[in-house]
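# My questions concern the predicted model and sequence given below.
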Amino acid sequence: MSPRSDSGAPDPGAERRRIQRSRNRALALVLVALVVLFFAITLVKVKP
Amino acid sequence: MSATAVPLPAEWRDFFALTKPRVMSLVIFTAICGLIAAPVRIHPVLAFTAILCIAVAAGGAAALNMWWEADLDAGMKRTAKRPLPAGRMDATSARDFGIALSVASVAVMGLAIGWLAAVLLAVSIVYYAVVYTIWLKPRTPQNIVIGGGAGAFPPLIGWVAATGHITWMPVLLFAIIFFWTPPHFWALALFVQSDYAKVGIPMLPVVAGEAATRRQILIYAVLLLPLSLAPWWIGGTGLVYAVSAAVLSIGFVVLAARVGLRRRAGAEDRMRPEKQLFAYSILYLFALFAALVADRWLVGQG
């Protein structure tokens, strides 16, 4: 359910923040996964 | 300017939807099969990286496809709810997302796996996003035939990622998907042809008519039978694959014959043979490549 302002209408500012937060979380997950992947690739590549 | 005048940003789910996740499952599966069927073992981390790059590249190409075809998608029931035609995302975001995924996947493939696999990956993206989407699809009823090459790349790239070179086996895997694509898509086009006609896409059923399409479906299915057995014939697989391919391909020809030798029985025709062929074609490809992997595994055990 989308947040509403005092007048009862949907609050676009709150909705914008919610979407932005979920996008930031998704991006953070992708970045952490990439860091782990690149670290693992490096270990495999440098192993004699 | 009021806050309501500024459109909301797209959800992460919409970006994910741009990558056509359902199509990607077949891409990932065939790429894994190509990689496993290769006679060279690579480290699991590198294998995972190669498959990830192929999947991300497919997602990038799909995003570019949706960006270019947003107007067409808006006119078709099947695609009208995609993020761009539904107005949940702006075109620039979709284009930039597609380019970012494409470039990143090719770069990581080149640096982590090898540059031959990376070049093939880049070619597959350009093939789908430019040759198929921009050039052929709106111009020729043979769009599906040549565009099918884009979907045929994953097992080839998977194989090359493992071995570092191209031999007859991955080329045959490429050819199998290439010849599988027309009957698969034309079966779909037969029962959604009114949608394609509405937006002016020259699909074979729209341009050449149903009879010609049904004939072509049968021709490609018949050609697929010997082609699916070719990996065994050149000694690349064992009997498990050969028997599976023969059974599956005969089933494909039988269903294609039911489509190829019939005519639509009026407006009430529910197009069951066409829908059955479309569903079977998906099962066919999954089963054929699973048989390839099972065969390789059994040879390895033996």
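That came through fine.

# Can I take it that residue B:139 is in a helix?
No: read with DSSP: H, G, I helix; E, B strand; the rest coil, residue B:139 is coil and lies in no helix.

# right, and it touches residue B:201 too?
No: taking C-beta atoms under 8 Å as the definition, residue B:139 is not a contact partner of residue B:201, at 9.9 Å. For glycine as for every other residue, the C-beta is placed from the backbone atoms N, C-alpha and C.

# between those two, who's got more neighbours?
residue B:201 (21 against 11; other C-beta atoms under 10 Å in any protein chain shown).

# In three-state terms, how would the more buried one be classified?
coil.

# Which of the helices or strands spans residue 30?
No chain was given, so I picked chain A. Following DSSP states H and E, one finds residue A:30 within helix A:12-46.

# wait, I meant chain B there
Per DSSP H and E: helix B:21-37 holds residue B:30.

# about what we covered before: buried stuff in the helix holding residue A:30?
Judged by neighbour count using 16 or more other C-beta atoms under 10 Å in any protein chain shown, the buried positions of helix A:12-46 are A:12, A:15, A:19, A:23, A:37, A:40-41.

# Give the full set of residues in contact with the residue in chain A positioned nearest to chain B.
Closest contact between chain A and chain B, by C-beta to the nearest C-beta, is at residue A:26 (3.9 Å). Residue A:26 makes contact with residue B:12, according to C-beta atoms under 8 Å, 6 or more residues apart in numbering or on different chains.

# neighbours of the residue in the stretch 51-200 of chain B that chain A sits nearest to, just the number please.
Residue of the stretch 51-200 of chain B nearest chain A, by C-beta to the nearest C-beta: residue B:112 (4.9 Å). Residue B:112: 23 surrounding residues under other C-beta under 10 Å.

# and it, how far is that from residue B:56?
The spacing between residue B:112 and residue B:56, counted by C-beta to C-beta, to the nearest Å, is 12 Å.

# Using CSV, write out every CA atom in whichever helix or strand residue B:205 is part of.
Per DSSP H and E, residue B:205 falls inside helix B:204-207. C-alpha atoms of helix B:204-207 as CSV (Å, rounded to 0.1, in the frame of the first residue of the first chain):
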residue,chain,number,x,y,z
LEU,B,204,6.1,-15.2,-42.1
PRO,B,205,2.5,-16.1,-41.4
VAL,B,206,1.6,-12.4,-42.0
VAL,B,207,3.6,-11.9,-45.2
